[in-house]
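K.L.:
this is the structure alone, sequence omitted:
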């Protein structure tokens with residue numbers, strides 16, 4: 001027999017490893033239920049943290065001086081992705097749990113449970129880790145201002161030689177402080193704006209150029225705060241610092257810079273040391289320029305050079321006067337040109353007077369009217385300011401007297417209730433006029449504003465706002481408060497922007513008709529003033545916290561109450577119900593928590609403004625204010641707890657307002673929108689609508705909004721389920737007059753009045769092609785839309801019934817802002833003329849490599865392109881000449 005041998009192999013290690021592996025795999029199944037519960041808790045906590053951070057980010061985004069930190073945006077984006085992924089697992093978990101048996105330790109489908117268990121176990125630590133990284137001390141930082149900000153200005157007719165002298169002195173190293181002085185309206189501010197803009201041209205010899213309007217209500221603290229903004233001092237504790245500490249901080253920064261500070265309209269000595277401004281010298285090379293109406297102030301400011309800005313010589317004065325009157329009027333009668341020469345001389349070469357009087361006479365073709373005008377100008381009542389030429393106010397009052405009727409004069413004087421240099425919203429001003437019963441409707445108000453602007457009694461800032469020149473405002477206050485022949489009619493009491501911390505003496509209220517205390521620091525209203533004649537009360541832009549319940553007790557005649565922009569006030573007293581004559585109430589931009597139901601007693605209320613507030617509105621309150629003509633509640637939500645479908649309930653209340661003709665509103669679901677659009681009267685009165693479709697609406701037929709004929713502004717906000725904005729409508733065949741449902745729509749029947757569009761946090765939208773239906777769009781802002789790929793899709797444009805000509809696309813667009821659109825690749829596939837474009841802002845759009853510009857775009861228009869330098873360097877152009885043309889337009893930073 002042969003040798004027999006055996007081999008012994010131990011299987012224990014293999015079996016052990018297999019056992020360990022099996023046990024490890026089984027653990028994913030056995031702990032599935034536990035992991036799902038833990039994941040749900042972690043995701044809920046992450047969502048809460050995400051919402052808290054997002055809320056802080058939204059507040060920061062509303063402040064143009066703040067830029068949200070990239071790490072915060074990145075965290076929010078990653079959190080959103082994780083939440084979506086985790087929600088899919090949680091949504092699928094019940095199906096997987098059903099496959100478990102024997103107390104969760106076995107499975108009827110082990111392969112499926114094992115895979116799902118691994119995904120869950122892997123997701124849980126990711127969510128926990130993401131949550132741990134979401135604690136931010138701050139979510140945004142202040143954006144540094146540009147070195148020089150160009151300021152819009154009128155042509156400086158006749159000031160060329162003065163400008164050249166001022167520029168020569170500014171370049172003189174021996175001169176540090178320069179004072180421009182002269183009478184009101186002579187062109188000092190215009191001249192300094194020209195100097196400011198000249199400093200923006202290369203070579204730039206200064207590190208920072210700071211422009212500050214000082215005005216009569218001078219405050220060292222306000223000047224310090226403005227300088228701090230310009231030089232980037234952003235300490236969270238800045239407002240808690242003393243005046244001396246602020247001065248030290250400003251001085252520390254400015255000492256390291258070669259600066260120019262321009263102080264416009266100073267009335268008294270500004271102590272540079274108290275403010276923190278290092279005295280400009282030859283050694284530091286810095287400059288201080290200021291304007292004033294008094295040469296004495298130049299002496300008190302220790303100006304190294306004083307430049308008198310004089311009135312225009314006769315030839316220049318006549319050139320300006322005839323330009324404003326117009327050749328048609330001057331040639332309408334052989335005698336008028338000679339009389340016009342005489343009237344122009346009466347203006348004494350003062351540009352403001354020349355323009356104002358010339359505009360007032362522009363349509364007068366009667367010789368008798370011109371002779372009367374000359375006679376009136378020669379009578380000179382006492383001026384309100386001793387240092388101002390006695391002819392200024394009579395000339396300005398002549399323009400006031402020449403207004404069409406008392407309605408126009410009242411509207412002009414009303415503008416003087418606002419703070420000096422305050423930009424007044426046209427719509428808000430007209431709302432006030434309606435509340436005062438000065439006029440009846442908005443169209444009439446816009447006509448009056450246009451007339452006052454053309455007469456140079458108001459200055460148009462832009463399409464939406466106006467300002468009153470400080471000299472005109474002084475003249476109006478002189479008429480309303482001091483002019484013996486007029487003041488008895490008006491009885492104004494104006495202490496706007498006067499630094500008040502408490503109410504004026506109650507005794508001063510008794511005979512007052514209109515009172516403005518706006519832009520002060522008043523905190524508490526605890527008095528009970530007796531003012532039966534008071535019709536108007538401006539308390540907006542204060543620091544109000546408490547309003548005594550009896551404060552309104554003896555104001556039975558009050559028609560207008562403005563409490564807007566008081567961000568500390570949380571409660572409105574029930575005593576407001578005693579204002580039974582009230583016709584205008586503004587509570588916008590306040591923190592008032594809830595409107596008292598007693599507000600229903602204000603049966604005469606015509607105008608109510610609740611915009612951008614967090615006010616809860618009791619059920620049936622809005623529908624009970626039956627005389628409302630103007631209701632502004634965009635950004636204000638109908639939050640009555642017992643009402644489940646807020647938007648539907650709100651719409652039903654709005655339908656009760658039969659006199660409503662101006663409405664701004666926010667709607668939060670598709671059903672509410674449908675009910676709103678079914679009411680023709682509501683559609684016809686709406687000028688601004690904000691859609692926050694928080695339901696699961698995946699599409700919006702934008703054509704359904706076309707019936708809102710007067711829609712000026714449209715916001716799409718936080719429509720996170722919205723995937724598509726359709727352009728479906730009804731097309732009528734001419735030969736048969738039959739209506740056919742079609743996927744395309746004729747452009748001329750849509751949004752003719754739409755001027756502004758904001759699309760924000762609509763994460764699933766990929767384009768905004770529907771904007772081709774808004775031919776007069778002026779402002780477009782698209783923010784934080786993660787999947788946005790195109791602004792205008794060429795293929796979708798081709799589906800429109802009437803082909804959109806490239807030349808008409810965005811033909812009126814002035815302002816385009818694209819922020820945090822990570823997938824955006826195109827604005828439009830072809831180049832566009834964009835004849836009105838002024839500003840483009842592009843931030844956080846790394847895939848946007850081309851702008852729709854060529855050498856023919858924005859012709860004869862100086863535009864600004866704002867963005868990050870890295871993005872700008874990677875931008876592609878059609879050719880080198882186009883690149884060279886737009887190279888000077890780039891403005892780095894925000």
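P.N.:
Nice, I can see it. On a predicted model such as this, the values are computed, not experimentally measured, just so you know.

K.L.:
ranges for the helices of the stretch 501-650 of the chain?
P.N.:
Using DSSP state H, counting those that start in this stretch, the helices of the stretch 501-650 of the chain run over 621-624, 646-654.

K.L.:
and these, which one's lowest on average pLDDT?
P.N.:
Among the helices of the stretch 501-650 of the chain, helix 646-654 carries the lowest mean pLDDT, a mean of 88.

K.L.:
helices or strands up against it?
P.N.:
When contacts are defined as 3 or more C-beta pairs under 8 Å, 6 or more residues apart in numbering; DSSP states H and E, helix 646-654 packs onto helix 621-624, strand 662-667, helix 670-677. Bear in mind the C-beta positions are built from the backbone N, C-alpha and C, glycine included.

K.L.:
please work out which of those is packed deepest.
P.N.:
strand 662-667 (a mean of 24; mean count of other C-beta atoms under 10 Å).

K.L.:
within the sheet, what are the partner strands of it, with directions?
P.N.:
strand 630-632 (parallel), strand 686-691 (parallel) (DSSP bridges).

K.L.:
quick revisit: out of the helices and strands packed on helix 646-654, flag the one nearest residue 840.
P.N.:
Across these, residue 840 has its closest neighbour in strand 662-667 (27.4 Å, C-beta to C-beta).

K.L.:
quick one: residues contacting residue 545.
P.N.:
Taking C-beta atoms under 8 Å, 6 or more residues apart in numbering as the criterion, residue 545 is in contact with 523-524, 568-570.

K.L.:
the longest strand in the protein is where?
P.N.:
In the chain, taking DSSP state E as the definition, the longest strand is strand 259-266.

K.L.:
partner strands of that strand and their direction?
P.N.:
strand 208-213 (parallel), strand 287-292 (parallel).

K.L.:
any chance of the contacts of residue 545 in TSV, with distance to residue 167, pLDDT and neighbour count too?
P.N.:
Formatted as TSV, the contacts of residue 545 follow (distance: C-beta to C-beta, whole Å; pLDDT from 0 to 100; neighbours: other C-beta atoms under 10 Å):
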residue	distance to residue 167	pLDDT	neighbour count
523	47	94	16
524	51	93	15
568	46	92	12
569	49	93	21
570	53	91	14
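
K.L.:
now, among those, which is nearest to residue 848?
P.N.:
residue 568 (41.5 Å).

K.L.:
enumerate every residue touching the closest one.
P.N.:
Here residue 568 is in contact with 523, 543-545, 591 (C-beta under 8 Å, 6+ apart).

K.L.:
now tabulate the residues you listed in a markdown table and tack on distance to residue 203.
P.N.:
Below are those laid out as a markdown table (distance: C-beta to C-beta, whole Å):
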| residue | distance to residue 203 |
| --- | --- |
| 523 | 50 |
| 543 | 45 |
| 544 | 49 |
| 545 | 51 |
| 591 | 49 |
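
K.L.:
what's the closest of those residues to residue 447?
P.N.:
Nearest member of those to residue 447, counting by C-beta to C-beta, is residue 544, at 34.9 Å.

K.L.:
mind listing what's buried in the longest helix seen in the chain?
P.N.:
For the chain, the helix reaching the highest residue count under DSSP state H is reported as helix 32-61. Neighbour-count burial for helix 32-61 flags 32-33, 35-36, 38-39, 42-43, 46-47, 49-50, 53-54, 56-58, 60-61 (criterion: 16 or more other C-beta atoms under 10 Å).

K.L.:
how about stretch 334-344?
P.N.:
Under 16+ other C-beta under 10 Å, the buried positions of stretch 334-344 are 336-337, 339-340, 343-344.

K.L.:
over to stretch 454-468?
P.N.:
Using 16+ other C-beta under 10 Å as the test for burial, stretch 454-468 gives 455-458, 464-468.

K.L.:
pLDDT on that stretch, on average?
P.N.:
On average, stretch 454-468 scores 84.
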